[in-house]
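# just a sequence and a predicted model for now, questions to come.
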Amino acid sequence: MRTFCHPVSSSAPACYHCHMVHGKRYREAIDNIQKKIQLDCLIIGACLPFDVYLREGGRVHLLFKEGMRYTNCEKDILHGKNISEIYFDEKDARDAEQFISEGDEEDRVNVVDPVVFSRYDEEKEDYHQVERSLLVPGADIDFSVYVLNNMKISPVLELADSQSAKIGPELVQAYGDILIKKADLPKYTEYMHTMAKRIESLPSRDAEKVTSLVIRENSKLIIKDLIDDPRSGRKIKEVDREVNNIIDTILKNKDTIYDLIDLSKYDYYTYTHSVDVAVMSIGLATAINMDREHVEKLGIGAMLHDLGKSMVDHEILNKQGGLNSYEFQVIKKHVIEGNNILSVQKDFPRESFPAVLQHHEKLTGNGYPLGVAGKDITLFGRITSIVDCYDALTTCRPYKKAFTPYYALELLVKQKKDFDCDILREFIRMLGRLQKA
Ligand SMILES: [Fe+2]
Ligand SMILES: [Fe+2]
């Protein structure tokens, strides 16, 4: 990733990045860098058609060179440094105006009506996202099923209390995330138990798949419970049990990772993200031959890495588009909040804390909450930061398209100074194997 080049000063040599020179020509050059725009005008995912500068105390820094792709990670770093305005050269004014006004529609964050979005976001809280493949056509269910698409939640199969029905093909064909009402979670859990009992009669690969899906769904339910009541702590032992189930499943057959992660989400759910980060972290840890005991500790930490989000203002957490520096400061608190919640839970292993505390740290020191760098970032922190960033990039929201796995990995590689190269290489290898499977 391109980071700040050295400040241009009259005593500095010509800068490699910005081709600035000292003396009179330097003065002329920085005099031209006066055009100011808001950082949030830069289009996430787009290649910058001009050099972007930062002015700080009379000094000018080249921030991004023309042609560089501007991503959420750069935006997060700059918001973290409370930078909201950037500058460009007078000569690039026309390019900049065109870039800001037109942009690339494919890459633009498409902000939807805030009132509609907030109503939808509130409504979504009454539902729980479930695994479509577990709702097998022909099976009996006694709970209603809905589909979420384009911020609309519509019934696919609506049942009155104590009514039951067979799952029909309309559910398989429904386009979007499959949801059930939160109030129906006990009925859904019961349904999963029934499915689990049938495993023995299935061919081995199908049995493996159903086992993985049940583990995944159970994990999501536990995390959801913990998010709703983060201080209860009564579920931590259950997290441990599901993490061990995930490890057993992956050790038995590495291809089951594919069944354990959700690759086709239409929206973001903290519980789904938490399980995906845990499964990919466990997969990565087993790929680098970490011993079982440590994989377990990593998995527990990864599963609960975002638990602190339960303490963050819902509106800020789910705000669409860019965040201002105050909002970003609020979001950043989720790491310390998570650490505080877990530090009083006797069942949460001490060794798991780095996965929580360091999942937003970067090797360059540009991460948060502590801005630790290099060797101060533990192996758990190095693994969870890669996986967390990848999962965030590949998840879509109603106002933001998801990056494809290939492009998300390309972005991580571009920012390789932030991440452990050996682990990133292993992660790419692991995902490559999954796609071939
Ligand atoms: Fe996080
Ligand atoms: Fe996360």
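Looks like it came in fine. Ligands and ions are numbered 1, 2, ... in the order given.
# separation between Q358 and T378?
6 Å (C-beta to C-beta, to the nearest Å). To be clear about C-beta, it is placed using only N, CA and C from the backbone, and glycine gets the same treatment.
# so for those two, which sits in the more crowded spot?
Each of Q358 and T378 has its neighbours counted (other C-beta atoms under 10 Å); Q358 has more, 27 against 18.
# the more buried one and V372 touch, don't they?
Yes - counting by C-beta atoms under 8 Å, Q358 does reach V372; the two are 7.1 Å apart.
# from the stretch 101-250 of the chain, which residue is nearest to ligand 2?
Closest residue of the stretch 101-250 of the chain to ligand 2, C-beta to the ion: I223 (11.6 Å).
# which ones are touching that residue?
V239, T270, Y271, S274, V275, M303, L304 (C-beta atoms under 8 Å, 6 or more residues apart in numbering).
# neighbours of V277, how many?
Neighbour count of V277, defined by other C-beta under 10 Å: 28.
# that one and A302 touch, don't they?
Yes - here V277 lies in contact with A302, judged by C-beta under 8 Å, at a distance of 5.1 Å.
# what sits in contact with each of the two?
Common contacts of V277 and A302 (C-beta under 8 Å, 6+ apart): H359, T384, V387.
# pick out the residue nearest the middle of this structure.
For the chain, the residue sitting closest to the mean C-alpha position, by C-alpha atoms, centre = their mean, is A392 at 2.1 Å.
# once you drop chain neighbours, what's closest to G168?
P137 (6.4 Å; C-beta to C-beta, 6 or more residues apart in numbering).
# excluding its backbone neighbours, what's nearest Q163?
Using C-beta to C-beta, 6+ apart, the nearest residue to Q163 is D142, at 6.9 Å.
# contact partners for that neighbour?
Residues in contact with D142, defined by C-beta under 8 Å, 6+ apart, are L159, S162, Q163, S164, K187, Y191.
# what do you get if the cut-off is 10 Å, keeping everything else the same?
L159, D161, S162, Q163, S164, A165, D184, K187, Y188, E190, Y191 (C-beta atoms under 10 Å, 6 or more residues apart in numbering).
# let me know the secondary structure of the third one.
S162 carries the three-state label coil when classified by DSSP: H, G, I helix; E, B strand; the rest coil.
# re the thing from before, element containing the residue nearest to the centre of the chain, please.
Using DSSP states H and E, A392 falls within helix 379-393.
# which residues touch the residue nearest to P398 when sequence neighbours are not counted?
Once flanking residues are discounted, P398 sits nearest to M151: 4.8 Å by C-beta to C-beta, 6+ apart. The neighbours of M151, taking C-beta under 10 Å, 6+ apart as the test, are 112-113, 116-117, 119-121, 123-124, 266-267, 397-399.
# could you flag which of those residues are buried?
F117, Y120, D121, K124, Y266, D267, R397, P398 (16 or more other C-beta atoms under 10 Å).
# now, those that are in helices?
Using DSSP state H, the members of the buried ones among the contacts of M151 that fall in helices are F117, Y120, D121, K124.
# same list, those, but as JSON lines with pLDDT and distance to K297 please.
Formatted as JSON lines, these follow (pLDDT from 0 to 100; distance: C-beta to C-beta, whole Å):
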{"residue": "F117", "pLDDT": "87", "distance to K297": "38"}
{"residue": "Y120", "pLDDT": "90", "distance to K297": "38"}
{"residue": "D121", "pLDDT": "88", "distance to K297": "34"}
{"residue": "K124", "pLDDT": "92", "distance to K297": "33"}
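# quick one: pLDDT of the residue lying closest to V52 once chain neighbours are set aside?
Ranked by C-beta to C-beta, 6+ apart and with sequence neighbours excluded, the top spatial neighbour of V52 is F64, at 4.3 Å. pLDDT, F64: 80.
# also R69?
pLDDT recorded at R69 is 64.
# just checking, which helix or strand succeeds the helix or strand of the chain with the lowest mean pLDDT along the chain?
Counting by mean pLDDT, DSSP states H and E, the chain has its least confident helix or strand at helix 24-31, which shows a mean of 58. Next along the chain after helix 24-31, taking DSSP H and E as the criterion, comes strand 35-38.
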